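Peer 1: quick check, what structure comes out for this input:
(2 chains)
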Amino acid sequence: MTLQCPSCGREQEPQLICQQCGMPLPVELDCFAALGLPRKLTIDLPALEERYHDLGKRIHPDRFASSPPRVRSASLSGAALLTRSYRTLRDPVSRGLYWLELNGEKLAENNKQVPAELAETVFEVQEQLAELREAGAGDGALRREVEKRRVELGLAMDELREGLARNFIRWDRSDGSDRAELVAELKSILSKIAYMRTLIRDVDRELDSPRTA
Amino acid sequence: MAYSDKVLDHYNNPRNVGSFSKEDPDVGTGVVGAPECGDVMKLQLKINDNGVIQDARFKTFGCGSAIASSSYVTELVKGKHIDEAMAIKNTVIVKELNLPPVKIHCSVLAEDAIKAAIADWKTRKGATADDTKIEPSKAAGSGE
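Peer 2: The predicted model follows:
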């Protein structure tokens, strides 16, 4: 599937900017294609950033201010797509969620069970937070306990993120035969990260609250 | 985004917050989560031997709509037979609380919580009744 540049007529792979004349191309692309990256989950972040800035300069609407409307509009939509794609791929969690979407999978489908151990942690910690809310600034010992808990939760989150990175590597090496297993693992890790993220947000909110500080 | 008055009412004055003892043989516990937003909901139902829901408690950690949905559900299921409760659809919750489209998953979560709690109660009742026969954990052969 190729695309012809409306400005110079060159046939090419669909991409943001014409490789011959440098004009923005009117095209719908997925996030990987927008950044000119192969569909791989493992991404070198400094290289991603460099590519984003380079493409961003070349497609910037200011450069096409005096061009025909067709070109101006392609530059505007291309620049927006580029930024959206960069933001989606930059963060491993949103990249993983986007990957599910690309694969026609839904995170919440058949996935309402909170793993028992994690559920227990959530209820335990939330219980402590409720106690802390009631005790206010008076209870230094309880606050220190929650602070210690916060460190543990941070470490658990690091582990989950490492697990996510390992899942990405497995996808990139996969020949497709273990797709179902990889989808299930990815959904499981992303869900755990979501629950952990909410919990950590609630802990931080309580620790930062003037009532308990 | 503005919450509806009914959501705010349930959020500010949640009904039936709390827990029953998990050891109580009449209590079914459902813990469900919404992986899109990280909300976690626990719903406990106290069910008599005729399958009628006597009482309900919830704890929900999440947004206002998730809290309101579970609070409303605790009121809704009381006095209902479990078969009736199983038939409750999330659309009832959406309608009552006037939830916007982005918050519909909160009502789905509450619906799932009812089903999970009843399933838990059934399992536990079944397990007690079968105590004299086989212990499911040993018979099932989990492979460990």
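
Peer 1: was I right about B:Val73 contacting B:Ile93?
Peer 2: Yes - taking C-beta atoms under 8 Å as the definition, B:Val73 is a contact partner of B:Ile93 at 6.7 Å. Placement of C-beta: from N, CA and C, glycine included.

Peer 1: find residues that contact each of these two.
Peer 2: Counting by C-beta atoms under 8 Å, 6 or more residues apart in numbering or on different chains, the common neighbours of B:Val73 and B:Ile93 are B:Ala110, B:Glu111.

Peer 1: tell me which of these two has more neighbours.
Peer 2: B:Val73 (32 against 24; other C-beta atoms under 10 Å in any protein chain shown).

Peer 1: Three-state assignment for the more buried one, please.
Peer 2: Here B:Val73 is helix, with the state taken from DSSP: H, G, I helix; E, B strand; the rest coil.

Peer 1: could you find the closest non-adjacent residue to it?
Peer 2: In space, and not counting its chain neighbours, B:Val73 is closest to B:Ala110: 4.6 Å by C-beta to C-beta, 6 or more residues apart in numbering or on different chains.

Peer 1: the lengthiest helix in chain B packs against which elements?
Peer 2: The longest helix of chain B (DSSP state H) is helix B:104-129. Applying 3 or more C-beta pairs under 8 Å, 6 or more residues apart in numbering or on different chains; DSSP states H and E, we find helix B:104-129 packed against strand B:27-34, strand B:39-47, helix B:64-77, helix B:82-86, helix B:90-97.

Peer 1: let's see that with 10 Å instead.
Peer 2: For helix B:104-129, the elements it packs on are strand B:27-34, strand B:39-47, strand B:53-61, helix B:64-77, helix B:82-86, helix B:90-97, helix B:136-139, judged by 3 or more C-beta pairs under 10 Å, 6 or more residues apart in numbering or on different chains; DSSP states H and E.

Peer 1: check these for me: which has the lowest mean pLDDT.
Peer 2: When the helices and strands packed on helix B:104-129 are compared on average pLDDT, helix B:136-139 comes out lowest at a mean of 42.

Peer 1: who in chain B is up against chain A?
Peer 2: Neighbours of chain A within chain B, by C-beta under 10 Å from any C-beta of the partner chain: B:19, B:30-42, B:59-63, B:105, B:108-109, B:111-113, B:115-116.

Peer 1: and if we set it to 8 Å?
Peer 2: Residues of chain B lying close to chain A (C-beta under 8 Å from any C-beta of the partner chain) are B:31-40, B:42, B:59, B:61-62, B:105, B:109, B:112, B:116.

Peer 1: which among those residues end up buried?
Peer 2: Using 16 or more other C-beta atoms under 10 Å in any protein chain shown as the burial test, those include B:31-40, B:42, B:59, B:61-62, B:105, B:109, B:112, B:116 as buried.

Peer 1: end to end on stretch B:31-42, go ahead and measure it.
Peer 2: Terminal residues of stretch B:31-42 are spaced 4 Å apart (C-alpha to C-alpha, to the nearest Å).

Peer 1: pLDDT value on the residue located most distally from the centre of chain A, please?
Peer 2: Distance from the C-alpha centroid of chain A peaks at A:Gly138, with 39.7 Å (C-alpha atoms, centre = their mean). What the model reports as pLDDT for A:Gly138 is 72.
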